[in-house]
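Enquirer: No letters, just coordinates:
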């Protein structure tokens, strides 16, 4: 009976490992503005994301300055300025500011039901470009309107279900990982053969890590396959990878811990048998 109970607990641990990681990630990573911004910050240097920002900001500004016969030249100048600006420290600062604002909108969409997409407001980027052009004495630059341009990087057809799931994960938060650890300890504690239970639990934890990695990969494919045609796939993939980097790292760490525990228990048994 004790062996059966230990086996059941190991199975539960295997299932709860990926669920615990996702719950912690949703509550402490996605739910935290500083960590969200830090995760998105490296995308400032991603070529695909930069391309989307330059294209969308250029479209927003094109034709909004009445430069008469010089209109074409002004629009081309703005486009070039945006491309040059995308590689500067000021752009990275503006990008972080835009993502901090996007985080608030993201949480609002997931908690209040408003909106059906993850968007980034390019107003901070446009404002920085305008300031640099004015400082450089570019004609008509002072007439550039600081337009609020929302760029969609993720869109969902069934955000209602996502909201409910996100809320459940936030509630689970820290408690689900704690429960997983308690069940792992219980699986070892109730077992007749403790060393074998440690091996089984370690392998169960490792299997849970593999399940987590598979879930992240499958969700990535499903998310990208579901994207509307007007959303840049490469940029969306970069955003998904940035947001789920914590989960992928966690999967490798948990895998290493599980395998190390199982290997350590197995080696301890071998050493005891050695005369």
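Expert: Yep, that arrived. Just so it is clear, the structure is predicted and the values come from calculations on it, not from any experiment.

Enquirer: Which neighbouring elements make contact with the longest helix seen in the chain?
Expert: The single longest helix within the chain, with elements called by DSSP state H, is helix 194-225. Packed against helix 194-225 by the contact rule (3 or more CB pairs under 8 Å, 6 or more residues apart in numbering; DSSP states H and E) you find helix 2-24, helix 175-189, helix 233-243, helix 245-273. Bear in mind the C-beta positions are built from the backbone N, C-alpha and C, glycine included.

Enquirer: what's the closest of those helices to residue 94?
Expert: helix 233-243 (17.0 Å; CB to CB).

Enquirer: And the closest one, what's buried?
Expert: Of the residues in helix 233-243, those scored as buried under the neighbour-count criterion (16 or more other CB atoms under 10 Å) are 235, 236, 237, 238, 239, 240, 241, 242, 243.

Enquirer: Throw these into JSON lines and include pLDDT and distance to residue 94, thanks.
Expert: As requested, those are exported to JSON lines (pLDDT from 0 to 100; distance: CB to CB, whole Å):
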{"residue": "235", "pLDDT": "88", "distance to residue 94": "17"}
{"residue": "236", "pLDDT": "87", "distance to residue 94": "21"}
{"residue": "237", "pLDDT": "91", "distance to residue 94": "23"}
{"residue": "238", "pLDDT": "92", "distance to residue 94": "18"}
{"residue": "239", "pLDDT": "88", "distance to residue 94": "17"}
{"residue": "240", "pLDDT": "91", "distance to residue 94": "22"}
{"residue": "241", "pLDDT": "93", "distance to residue 94": "22"}
{"residue": "242", "pLDDT": "92", "distance to residue 94": "17"}
{"residue": "243", "pLDDT": "89", "distance to residue 94": "20"}
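
Enquirer: just how off-centre is stretch 223-238 within its chain?
Expert: On the basis of CA atoms, centre = their mean, to the nearest Å, stretch 223-238 sits 14 Å off its chain's mean C-alpha point.

Enquirer: Just the terminal-to-terminal distance for that stretch.
Expert: 12 Å (CA to CA, to the nearest Å).

Enquirer: And stretch 229-247, by the same measure?
Expert: Its start and end residues considered, stretch 229-247 measures 27 Å (CA to CA).
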